[in-house]
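**Q** any chance you can model this:
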Amino acid sequence: MSNTATTATTETQGQSTVVPRTASGSEAGSATIRPTVVDIDVLGDYSLVESARFLAGFPPAARPDAGEEHGVLRLAFPVDGAGDHVGALVRQRAPNQVTVEVAAVPHTAPAAVEQVRRLLSLDADGELFSALDAVDPVLGRLRAQRRGLRPVLFPSPYEAACWAVVCQRFRVAHAASVNRLLAVRHGRAVEVAGRTVRSFPAPEVLATVPTVPGLSVQKVRRLRAVAEAAAEGRLDATMLRAMPVADALEQVRSLPGIGPFSAELVVAQGAGHPDVFPLAEHRLHEEMARVYGLPDVVEPAELEGIARRWRPYRSWGAFLLRARRETNTALLPATGQAGNDSVPAVPSLGKGVTGTRQ
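**A** As a prediction, this is how the structure comes out:
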């Protein structure tokens, strides 16, 4: 989808509030890093507070700190195709404008900003999504419950695919602890406005990791295969979004350990394709049946028919259902197991791992 918002870029002077650091805590190449501030004009409803609230309340994200500072969100991630780790300080000072500050080497900064835009779904026209209220009043009520909430994605298809591998047949808490361990041991600590956010390992690094405590040999091999695919450009977000959905899903499913559920996760919630209805996400189907007053057991094809009303934003509609389910079950004890392509339980993961991760 090409309805992109206008951006205005300003290279600020002085000391940045975003500082990448090495694993030992020292500043990483600070002599070449410059702060860049970009104002993004947002089309349609958007609330950074709702994005932070989603991260703070979603167990796999393990970012309880995300919503502590009103109107501010801190992120950290490896930049697509570059391997550099960046932190991003995101602020919303007006309803239709978001400011992103990144500290990165000059050639990396534009890509980092674009990654934040995709991650927060600021790269699409939300007015078109709002217009679907007239087509589907149920969707309109879902939007009204979380006004301004847009899909909060993985930083990249690569990180989405890694989560899909790690969480298969694991409980949420165990899968999240493995991801935290990967970030601590092989990622990067990034200081963002006085707080440390941990970035997931870059593909080139993860591809060389021999073992991971808590993971089987098979899962580690699959993680390395995902990392190699990302390093070779086979998980490029722009490429996956430009493909027909069926072709993008097939491309992702060529990776070992990635089945139908995981492929949908990678394309919709990693690449950010706005128009994917998840046919393999059974718990989302249960929530959709409840919201639409349907029987407990409904064929996915029937739900897919209803979701056609959401085109070309079926991923966004699915995200609102997912967020509603997570909100309603946040206080319940975890009894299920995380993502497995036959019994999926964890639809997404939050962003950079912090020291407060549980």
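**Q** dump the residue contacts of P300.
**A** L279, H285 (C-beta atoms under 8 Å, 6 or more residues apart in numbering). From N, CA and C alone the C-beta is placed, and that goes for glycine too.
**Q** low pLDDT regions in the stretch 201-350 of the chain?
**A** 329-350 (pLDDT under 70).
**Q** again, only using 50
**A** 331-340, 342-350 (pLDDT under 50).
**Q** now what about the strand or helix carrying R325, what contacts it?
**A** Take DSSP states H and E as the rule and R325 turns out to sit in helix 314-329. Here helix 314-329 makes contact (C-beta under 8 Å, 6+ apart) with 54, 57-59, 121, 129, 132, 139, 142-143, 145-146, 149-152, 268-269, 272-278, 281, 283-284, 286-288, 291, 307-308, 310, 347-348.
**Q** dump the residue contacts of the closest residue to R93 other than its chain neighbours.
**A** Setting aside the residues directly before and after it, R93 is nearest to T99 in space (C-beta to C-beta, 6 or more residues apart in numbering), at 6.5 Å. Listed by C-beta under 8 Å, 6+ apart, the contact partners of T99 are V37, V38, D39, I40, V90, R91, Q92, R93.
**Q** now the helix or strand that contains T99: how far from the chain's centre is it?
**A** Counting by DSSP H and E, the element that carries T99 is strand 97-104. Distance, stretch centre to chain centre, for strand 97-104: 17 Å (C-alpha atoms, centre = their mean, to the nearest Å).
**Q** swap in stretch 305-325?
**A** Computed by C-alpha atoms, centre = their mean, the chain-centroid distance of stretch 305-325 equals 16 Å.
**Q** can you pull the buried residues of that stretch?
**A** 306-307, 310, 313-325 (16 or more other C-beta atoms under 10 Å).
**Q** got it, and stretch 275-282?
**A** D275, V276, F277, P278, L279, A280, E281.
**Q** for it, output the C-alpha coordinates as CSV.
**A** The C-alpha trace of stretch 275-282 is given here as CSV (Å, rounded to 0.1, in the frame of the first residue of the first chain):
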residue,chain,number,x,y,z
ASP,A,275,-4.4,-6.6,3.8
VAL,A,276,-3.8,-10.1,5.2
PHE,A,277,-6.7,-12.0,6.9
PRO,A,278,-5.1,-14.7,9.1
LEU,A,279,-6.6,-18.0,8.1
ALA,A,280,-4.5,-20.1,10.5
GLU,A,281,-4.9,-17.9,13.7
HIS,A,282,-7.6,-19.9,15.4
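**Q** would you map the helices across this protein?
**A** Secondary structure of the chain (DSSP state H): helices located at 48-57, 109-119, 126-130, 137-145, 157-167, 172-186, 203-206, 217-231, 237-242, 245-253, 260-265, 282-291, 300-307, 314-329.
**Q** list the helices and strands the fifth one packs on?
**A** To tie it back to what came earlier, the one meant is helix 157-167. For helix 157-167, the elements it packs on are helix 172-186, helix 217-231, helix 260-265, judged by 3 or more C-beta pairs under 8 Å, 6 or more residues apart in numbering; DSSP states H and E.
**Q** next one: that helix to chain centre, how far?
**A** 11 Å.
**Q** also the first one?
**A** Averaging C-alpha coordinates over helix 48-57 and over its chain gives two centres that are 12 Å apart (C-alpha atoms, centre = their mean).
**Q** do the same with the third one
**A** Taking the mean C-alpha point of helix 126-130 and that of its whole chain, the gap between them comes to 20 Å (C-alpha atoms, centre = their mean).
**Q** for the last one, same thing?
**A** Its chain's C-alpha centre lies 14 Å from the corresponding centre of helix 314-329 when counted by C-alpha atoms, centre = their mean.
**Q** can I get it in PDB? Just the C-alpha atoms.
**A** Provided in PDB are the C-alpha atoms of helix 314-329 (Å, rounded to 0.1, in the frame of the first residue of the first chain):
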ATOM      1  CA  ARG A 314      -7.800  -6.700   6.700                       C
ATOM      2  CA  SER A 315      -4.500  -6.900   8.700                       C
ATOM      3  CA  TRP A 316      -5.700  -3.800  10.700                       C
ATOM      4  CA  GLY A 317      -9.000  -5.300  11.500                       C
ATOM      5  CA  ALA A 318      -7.400  -8.500  12.600                       C
ATOM      6  CA  PHE A 319      -5.000  -6.500  14.800                       C
ATOM      7  CA  LEU A 320      -7.900  -4.700  16.600                       C
ATOM      8  CA  LEU A 321      -9.500  -8.100  17.300                       C
ATOM      9  CA  ARG A 322      -6.200  -9.400  18.600                       C
ATOM     10  CA  ALA A 323      -5.700  -6.300  20.800                       C
ATOM     11  CA  ARG A 324      -9.300  -6.700  22.200                       C
ATOM     12  CA  ARG A 325      -8.600 -10.400  23.100                       C
ATOM     13  CA  GLU A 326      -5.300  -9.600  24.700                       C
ATOM     14  CA  THR A 327      -6.900  -6.700  26.700                       C
ATOM     15  CA  ASN A 328      -9.700  -9.000  27.900                       C
ATOM     16  CA  THR A 329      -7.400 -11.800  28.900                       C
END
